[in-house]
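1. My questions are about this predicted structure, shown below with the sequence.
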Amino acid sequence: MRHALILTALWLAFSPLRVLAADDASSAQSGAVIEKADLAARKKLIHDNLPLTETEARAFWPLYEAYEKQLKQLGERRSANLGRLGEDFEAMSNENAAKFIRDNLKMQSDRLKITSQYFKELEQVLSGKNLARYYQIEYQIRATIDARISESIPLVK
């Protein structure tokens, strides 16, 4: 159980741009504070680096909100999967190890489906260059999250 809590805490702690979270938040609220701060930080990062026209912005931001909502659900699944890894870490069976990987592969596939779905919608409202620029920013954010999570998880014994 200790590893489950550690891995879940690491997942939250290593989200990008967590420095915006309040240092004095209680442990019960810290996850929500970090998550809210991270969303605000991601939005600011996109806003500051994606020069949208007024028309593009009106169409883009609601799509972005919907996209983030779906990714949040995926993140919750990922956190639960990491929690199960932590619970079983000391004496992991071959079956549970394989299930952990199958679940991760399914989540990667689901993330690609979500990203592809929103690409089709965003393609209708953004110029080609802004669409490419947005996805570059999005990929950098996700790569940072993935790298920090991966670095924090020890190899299976």
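-> Looks like it came in fine. Numbers count the residues shown, from 1 in each chain.
2. any idea of the mean pLDDT for the helix or strand containing A40?
-> A40 belongs to helix 27-49 when assigned by DSSP states H and E. Mean pLDDT, computed over helix 27-49, is 71.
3. What's the mean pLDDT across whichever helix or strand comes after it?
-> On the C-terminal side of helix 27-49, the nearest following helix or strand under DSSP H and E is helix 54-87. Averaged across helix 54-87, pLDDT comes to 91.
4. Can you point out the buried residues in helix 54-87?
-> 56, 59-60, 64, 67, 70-71, 75, 78-79, 81-87 (16 or more other CB atoms under 10 Å). (C-beta placed from N, C-alpha, C; glycine too.)
5. Which elements pack onto it?
-> Contacts defined by 3 or more CB pairs under 8 Å, 6 or more residues apart in numbering; DSSP states H and E place helix 54-87 against helix 2-13, helix 27-49, helix 94-122, helix 128-152.
6. Now mean neighbour count too, for these, in JSON lines please.
-> Shown next, in JSON lines, are those (neighbours: other CB atoms under 10 Å):
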{"stretch": "helix 2-13", "mean neighbour count": "17"}
{"stretch": "helix 27-49", "mean neighbour count": "15"}
{"stretch": "helix 94-122", "mean neighbour count": "13"}
{"stretch": "helix 128-152", "mean neighbour count": "14"}
